[in-house]
Every structure is written in structure tokens, then in C-alpha cells.
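Peer 1: Fold the stuff below for me.
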Amino acid sequence: MDMVQDQVVALTPLAADKIRGLLDAKGLPDYGLRVFVQGGGCSGLSYGMAFEDHAEEGDEIIEQNGVQLFVDQISAMYLGGSVIDYTESLMGGGFKIENPNAISSCGCGHSFRTSAQSAPAASSGGCGCGH
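Peer 2: This is a model prediction of the structure:
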């Protein structure tokens with residue numbers, strides 16, 4: 001993949017096409033995509049995405065393939081060097097984040113753990129990813 005190395009997050013062309021398509025379908029052509037990390041998930045941290053009309057103060061703003069990405073400073077620490085892709089399978093499609101900082105993740109790839117975190121407590125409830 002031909003991504004800029006110093007960006008916090010990069011988009012594949014397919015992911016950018018899907019995001020632009022979603023923004024157009026929702027009538028939000030001037031919005032960007034906020035990419036963030038929050039506590040939770042079976043591995044300790046989970047990824048989140050939301051459409052927003054503007055960046056917040058202190059956000060990293062990345063423009064790539066016609067899409068604006070907004071990443072807050074805390075999330076940027078966990079996402080550095082990540083690539084957002086879109087994958088399709090017989091079971092459906094979705095966005096996937098390839099994060100070089102993640103040392104483990106759940107089966108669906110929506111939560112992860114970094115080497116800076118302690119191991120998550122064992123849970124009897126499973127992942128809850130729906131897979």
C-alpha cells in the first residue's frame with residue numbers, strides 16, 4: 001500500500017470510496033470521519049467511528065483520497081501508523097483497522113490491546129462481537 005508514513009491514520013482507496021459513498025447517501029458531503037479509541041471491548045480498548053461536521057481543537061486532521069479524518073490526541077497515541085480498509089465477504093462488509101500498535105485483538109477486530117496495557121481480566125461473557 002502506498003501510504004504516507006508519518007500520518008496517524010491512513011485510508012485505502014476502497015475505504016475512502018465507501019466513506020464518500022456513505023457521506024453522499026446520508027446527505028453529508030462536507031462532513032469528515034472521526035476515528036477514535038475508547039476503553040472497553042473484550043481486549044481492553046475498542047475502535048469507534050462517527051461522522052462529524054468539524055474537527056475539535058487539538059485534533060489531527062488528515063485529508064486523504066477526498067476524505068477528512070479527525071483524530072483526537074489520546075486516540076492518536078494508540079492509532080499511530082494504522083490503516084483503515086474496507087473488506088467484503090459472503091457475510092457482509094465492513095471497515096477494518098490494521099493497527100501496528102495492537103498486540104492482540106478480539107475475533108472481529110473491533111477491540112484490541114497494546115503492549116502498554118495490562119492483560120484484560122478474564123470474562124465469562126465472551127467477546128460480545130456477535131460472531
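Peer 1: Double-check residue 95 against residue 33; I have them as touching.
Peer 2: No. At 9.5 Å, residue 95 does not count as touching residue 33 under the criterion of C-beta atoms under 8 Å. Just so you know, the C-beta spots here come from the backbone N, C-alpha and C atoms, and that holds for glycine as well.
Peer 1: so residue 74 sits in a helix?
Peer 2: Yes. Judged by DSSP: H, G, I helix; E, B strand; the rest coil, residue 74 forms part of a helix.
Peer 1: Surely it and residue 45 touch.
Peer 2: No. Judged on C-beta under 8 Å, residue 74 makes no contact with residue 45 at a distance of 10.7 Å.
Peer 1: The protein: strands as residue ranges?
Peer 2: Along the chain, the segments classed as strands by DSSP state E run 9-11, 32-39, 45-52, 60-64, 67-71, 82-89, 92-98, 102-105, 111-114.
Peer 1: Can I get these in TSV including distance to residue 17 and mean pLDDT?
Peer 2: Formatted as TSV, these follow (distance: least, C-beta to C-beta, whole Å; pLDDT from 0 to 100):
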stretch	distance to residue 17	mean pLDDT
strand 9-11	9	95
strand 32-39	13	93
strand 45-52	16	91
strand 60-64	12	95
strand 67-71	9	97
strand 82-89	8	92
strand 92-98	12	89
strand 102-105	25	70
strand 111-114	25	54
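Peer 1: between those strands, which gets nearest to residue 25?
Peer 2: Checking those against residue 25 by C-beta to C-beta gives strand 45-52 as the closest, at 11.2 Å.
Peer 1: in that closest one, what's buried?
Peer 2: 45, 46, 47 (16 or more other C-beta atoms under 10 Å).
Peer 1: Packing partners of it?
Peer 2: strand 32-39, strand 111-114 (3 or more C-beta pairs under 8 Å, 6 or more residues apart in numbering; DSSP states H and E).
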